[in-house]
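In: Model the structure of this input:
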Amino acid sequence: MPVNPKLKDELTDQLFKGILSLQTEEECYQFFEDVCTIGEIKAMAQRLEVARLLKAGVIYDDIVASTGASTATISRVKRCLYYGADGYKAVLGHLEGNKADEKGV
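Out: So this is what the prediction gives:
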């Protein structure tokens, strides 16, 4: 899917290149703590978990119970999973691949 032209610019390119240069989880924690509020980081983490659960077929009520996400957030994430830029799918695919690697699969 092509990059959204409303999003793409030199500053955003610099941000993403910077994120891609991070090599450890520790560096990610350090960078995101400086760039985002704790609430923003927690919200992004929650959305990713909602996406993972939706992809696994978990129902809304169970997602609300396990994540504390609102049904509006769950709906927004679901819309992105089905009609978005496939960012969630890419990250979840990478995470699933890493888990398989860790298990020796």
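
In: How much space separates residue 57 from residue 74?
Out: Applying CB to CB, to the nearest Å, the value for residue 57 to residue 74 is 13 Å. Yep, even glycine has a C-beta here, placed from its N, CA and C like the rest.

In: Which residue of those two possesses the greater neighbour count?
Out: With neighbours defined as other CB atoms under 10 Å, residue 57 and residue 74 compare such that residue 74 has more, 22 against 6.

In: Just the element for the more buried one, please.
Out: Assigned by DSSP states H and E, residue 74 belongs to helix 71-83.

In: Same question for residue 40.
Out: For residue 40, the element it lies in under DSSP H and E is helix 38-55.

In: For the protein, which residues score under the pLDDT cut-off?
Out: For the chain, residues meeting the criterion pLDDT under 70 lie at 99-105.

In: how's this protein carved up into domains?
Out: Following the assignment in automatic domain parsing, the chain carries domains at 7-36, 45-105.

In: I'd like the distance between the closest residue to residue 58 other than its chain neighbours and residue 54.
Out: The spatially closest residue to residue 58, leaving aside those adjacent along the chain, is residue 66, at 7.9 Å (CB to CB, 6 or more residues apart in numbering). Per CB to CB, residue 66 is found 12 Å from residue 54.

In: Those two - which one has more neighbours?
Out: Each of residue 66 and residue 54 has its neighbours counted (other CB under 10 Å); residue 54 has more, 21 against 12.

In: Surely residue 88 is in contact with residue 49?
Out: No: assessed by CB atoms under 8 Å, residue 88 is found out of contact with residue 49, at 10.8 Å.

In: out of the two, which sits in the busier spot?
Out: A direct count of neighbours by other CB under 10 Å for residue 88 and residue 49 places residue 88 higher, at 20 against 16.
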